[in-house]
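Engineer: got a sequence here, can you model it:
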Amino acid sequence: MTTEWDRSLPLHLTSMGHDNEQLPIHREHGFPSFHWLHTIRGCGDFTVGGSTFRLQENQGILMKPNVPHHYHAVTDKWEIWYMTFDGALASPITTSLKLPQAQPIGWEPDCPLARIHETAEEKCKYSFDLAGVNGSLEVYAFLTQLKQYGQISGQSSLSAGHERLTPIYLLIEEEYGNPLLGLDQLAATLAITPQHLNTLFRKSWGISPYQYLLQFRIQKSKELLLAKQKLTVREVALTVGFQDDSHFVHTFRRLSGMTPVQFRLQFSD
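Structural biologist: Numbering: from 1, shown residues only. Just a heads-up that it's a prediction; the model follows:
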């Protein structure tokens with residue numbers, strides 16, 4: 001049962017289910033809300049926009065509302081799991097997460113997405129309340145998992161990208177106070193070119209490795225400004241890897257909207 005209050009939520013769950021033997025579906029006018037469907041066992045063909053995609057195990061597809069489509073089983077039995085949802089911010093949220101729509105999304109068989117139907121079944125078995133805010137949280141949790149673990153056309157998932165960059169994160173954690181730490185040294189850690197490292201970082205974070213390093217240094221400087229009240233701004237700057245305190249103050253203001261002195265005054269106990 002969907003109430004007016006449910007519809008006012010940023011996201012709200014409209015239906016969720018598990019079919020052991022999916023029958024052919026033809027929707028000339030699409031589905032009235034966002035619609036996700038994925039294969040548990042067997043496979044099926046999903047046609048949308050003049051293209052037909054074969055959804056194998058651990059593959060699914062996300063559809064916007066009112067997009068014509070149809071699908072049918074290819075194997076004797078096509079077992080699927082589905083979720084439909086809407087909400088005041090459903091479209092902006094799926095757009096901001098950059099979730100691909102009307103094309104297959106896959107994932108590794110050992111990631112949480114591969115077990116999401118089992119998790120949902122357990123909750124339903126114990127009468128978990130999926131209305132209102134609880135349902136909204138379920139949708140958001142699903143979308144973030146899809147963002148984290150989903151793969152498109154053989155590309156690595158976001159989580160796999162972060163895993164590959166782990167040595168970089170560890171190096172920055174250890175060496176952020178070294179003013180000579182730069183792109184060449186970071187790239188050498190993975191034995192790749194600086195250009196390739198820049199591509200990997202922009203894919204995972206939307207920023208360059210240098211911007212990530214600057215943000216990390218500024219975060220560490222905030223911790224020092226509050227924990228070490230006797231340190232001067234210049235001493236803090238040197239500790240976190242800035243050779244020039246004026247560059248530190250400029251960067252701090254650009255990223256935080258205030259100077260280090262203003263930050264210390266505002267947030268000190």
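Engineer: R234 reaches S246, doesn't it?
Structural biologist: No. Assessed by C-beta atoms under 8 Å, R234 is found out of contact with S246, at 9.6 Å. From N, CA and C alone the C-beta is placed, and that goes for glycine too.
Engineer: which one of these two has more residues nearby?
Structural biologist: Counted by other C-beta atoms under 10 Å, R234 and S246 do not tie: R234 has more neighbours, with 15 against 10.
Engineer: next one: that one from L183, what distance?
Structural biologist: Noted for R234: a distance of 26 Å to L183, by C-beta to C-beta, to the nearest Å.
Engineer: same question for L171.
Structural biologist: From L171 across to L183, the span is 12 Å (C-beta to C-beta).
Engineer: can you pull the contacts of G182?
Structural biologist: Listed by C-beta atoms under 8 Å, 6 or more residues apart in numbering, the contact set of G182 reads Y210.
Engineer: can you tell me how far it is from T189?
Structural biologist: According to C-beta to C-beta, G182 stands 12 Å off from T189.
Engineer: what of L137?
Structural biologist: L137 sits 38 Å away from T189, going by C-beta to C-beta.
Engineer: again, but for I207
Structural biologist: Distance of I207 to T189, computed by C-beta to C-beta: 18 Å.
Engineer: elements contacting the helix or strand harbouring T251?
Structural biologist: When elements are assigned from DSSP states H and E, T251 belongs to helix 245-256. Identification of packing neighbours for helix 245-256 by 3 or more C-beta pairs under 8 Å, 6 or more residues apart in numbering; DSSP states H and E yields helix 209-227, helix 233-239, helix 260-267.
Engineer: what about stretch 82-90, how long is it end to end?
Structural biologist: This stretch, stretch 82-90, spans 17 Å end to end (C-alpha to C-alpha, to the nearest Å).
Engineer: what mean pLDDT does that stretch get?
Structural biologist: Mean pLDDT, stretch 82-90: 91.
Engineer: buried set for it?
Structural biologist: For stretch 82-90, burial by neighbour count (16 or more other C-beta atoms under 10 Å) applies to Y82, M83, T84, F85, D86, G87, A90.
Engineer: just these: which are in helices?
Structural biologist: Of the buried residues of stretch 82-90, the ones assigned to helices by DSSP state H are A90.
Engineer: nearest to S268 among the buried residues of stretch 82-90?
Structural biologist: Nearest to S268 among the buried residues of stretch 82-90: G87, at 40.4 Å, using C-beta to C-beta.
Engineer: my guess is that closest one meets H12, correct?
Structural biologist: Yes. Under the criterion of C-beta under 8 Å, G87 makes contact with H12 at 4.8 Å.
Engineer: anything in contact with each of those two?
Structural biologist: Applying C-beta under 8 Å, 6+ apart, one finds that G87 and H12 are jointly contacted by S136, V139.
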